[in-house]
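Chemist: Need a 3D model of the following:
(one chain, ligands or ions: 1)
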Amino acid sequence: MKRRDLIKYLSVAPLAGGLTGVPLNPANAASSLVKRDLIKELGLRTFINAYGVYTTHTASLMADEVLEAINSVSRKYVLYNDLQDKVGEKIAAMCHAEAAMVTSGCWSALVLGTAGILTGMDKTKVARLPDVADFERNEVILQKTHSGSYDHALTNTGIKRVFVETVEEYERAINSKTAMTWFYNEAAPWGKIGHDEWLSISKKHKIPAMVDIAADVPPVENLWKFNDMGYDVVCVSGGKAIRGPQSAGILMGRKEIIAAARLSAPPGGGNIGRGMKVNKEEVFGMYAALDRFINLDQGKEWKMWEDRANVILKAVTKVKGVKAEIFVPPIANVTPTLRISWDQTLIKLSTKDMTLNLRNGEPSIEAPKSINDAMILSVWMMQAGEEKIVAKRFTEELIKASV
Ligand SMILES: *Cc1c(COP(=O)(O)O)cnc(C)c1O
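Modeler: Numbering: from 1, shown residues only. Presented below is the predicted three-dimensional model:
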């Protein structure tokens, strides 16, 4: 290698220490990565998140406590099963459940919880999933209105979904093949059967009931509400409002179901969950995130979100023809949210173009696609002070397009 090339190589070599055999000091490694600016190096765009907690937008930013937890344990070994035992005990106690485990997102909580119900502690059954054709029980009942996205997770176990609409259909659908019933909390308003009725029928027939509350905190009480209500299994995302690792989640509920679910999960192989690994750092990170979230001053958080929303509302409504209001979605992403619309004869800018202009501006701002000619802005995943930038950029675009 010519000297010139070597210098060039050294300047881009990912682990310079590796060349000389000198072990890298982890602290230096971290700081040299910061200096390198990986986002720039890879040509990526960062943005102010006015979008909310969505996987496409990398959901939430891990809280400092979570990053500290991840760093503090990353240079030590522990036995994986011991870690899940201990963290599970803590999470269960925090959420009024008998037992809990950290999963690879809420999605894998749905898969593993179902697997646990199907197999119990029978290891030959665990090895046979998703081939459940001759299992005694291999059907899951849910409301038709609750289907369409996340219920797909359940089918990874091989079960057949049975859809019902009315209480009569529900009662009729329960038979000796019914393994579980499933409720999608966010869809509660769209179905004919509410939680109480749904659960009481499950209980009457001694069928375990699972609920998906992935994105349904805040309110923080939802973390224990559904356990208290009597659901046998509850599934939550760790990387949304809780601001844990994006790929972590929680499965909690009855002790024997969680124990059985773990048979289908890492560290063991020969099971359907082997690809749903959660690394040690994320298990610790999930615990730290939950602990932080439960102990947060929720009133203060709420006030902070409201203040942010008001900063934007006040700025944009100064422009003639603009209407804005703060509303709180009744279920899922329950936080102060902005709805902004404008008279398109006074301001010649479609909501679609506003979204694009915000994205292409400096700094870039990501906002969701408009609904009914109104833009919905989420403020809770912004970082401190960013609401002022959003207020300024939004207002600039409105003024620019005013006739
Ligand atoms: C986000 C979400 C999931 C999936 O959760 P992950 O944590 O991303 O795996 C499942 N169900 C619902 C209702 C969700 O909103």
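
Chemist: Which residue is the nearest non-sequential neighbour of the closest residue to the ligand within the chain?
Modeler: Relative to the ligand, the nearest point of the chain is Gly105 (2.4 Å; Cβ to the nearest ligand atom). From N, CA and C alone the C-beta is placed, and that goes for glycine too. The spatially closest residue to Gly105, leaving aside those adjacent along the chain, is Gly249, at 4.3 Å (Cβ to Cβ, 6 or more residues apart in numbering).

Chemist: OK, contacts around the one you found?
Modeler: Applying Cβ atoms under 8 Å, 6 or more residues apart in numbering to Gly249 gives the contacts 102-109, 214, 235-239, 286.

Chemist: Is it possible to mark the buried ones in those residues?
Modeler: The neighbour count (16 or more other Cβ atoms under 10 Å) marks 102-109, 214, 235-239, 286 as buried among those.

Chemist: How many residues are close by Ala100?
Modeler: Using other Cβ atoms under 10 Å, Ala100 has 29 neighbouring residues.

Chemist: Test of understanding: give the bridge partners of it.
Modeler: Met252 (DSSP bridges).

Chemist: Verify the stated contact: it with Lys86.
Modeler: No. Between Ala100 and Lys86 there is no contact under Cβ atoms under 8 Å: 11.0 Å.

Chemist: before we move on, back to that, quick check: the residue of the chain closest to the ligand vs Met276, distance?
Modeler: Counting by Cβ to Cβ, to the nearest Å, the separation of Gly105 from Met276 is 8 Å.

Chemist: again, but for Met375
Modeler: 36 Å.

Chemist: Does Asn222 touch Asp216 like I think?
Modeler: Yes. Counting by Cβ under 8 Å, Asn222 does reach Asp216; the two are 5.1 Å apart.

Chemist: Which one's more surrounded, the two?
Modeler: Here Asn222 and Asp216 are set side by side on neighbour count (other Cβ under 10 Å), and the busier one is Asp216, at 23 against 19.

Chemist: shouldn't that one be in contact with Ala188?
Modeler: No. Counting by Cβ under 8 Å, Ala188 is not a contact partner of Asp216; they are 9.7 Å apart.

Chemist: Residues in contact with both of those two, list them for me.
Modeler: Common contacts of Asp216 and Ala188 (Cβ under 8 Å, 6+ apart): Ile331.

Chemist: Any residues of this protein in contact with the ligand? List them.
Modeler: Near the ligand, the residues belonging to the chain are 55, 105-107, 150, 186, 212, 214-215, 237, 239, 249 when assessed by Cβ under 6 Å from any ligand atom.

Chemist: could you redo the last one with a cut-off of 8 Å?
Modeler: 53, 55, 59, 104-110, 149-150, 153, 184-186, 212-216, 235-240, 246-249, 332 (Cβ under 8 Å from any ligand atom).

Chemist: Sort out for me which of those residues are in helices.
Modeler: 105-110, 153 (DSSP state H).

Chemist: Nearest to Val78, out of those: which one, please.
Modeler: Checking those against Val78 by Cβ to Cβ gives Ser108 as the nearest, at 20.8 Å.

Chemist: ok, now which ones touch the residue nearest to that closest one when sequence neighbours are not counted?
Modeler: Leaving aside its chain neighbours, Ser108 sits nearest to Met276 (3.9 Å; criterion: Cβ to Cβ, 6+ apart). Counting by Cβ under 8 Å, 6+ apart, Met276 touches 103-104, 108, 111-112, 265-266.

Chemist: one more time with 10 Å, if that's ok
Modeler: Residues in contact with Met276 (Cβ atoms under 10 Å, 6 or more residues apart in numbering) are 103-105, 107-109, 111-112, 156, 247, 249, 264-266.

Chemist: now do Arg45
Modeler: Arg45 neighbours (Cβ under 10 Å, 6+ apart): 39, 359-360, 363-364, 366.
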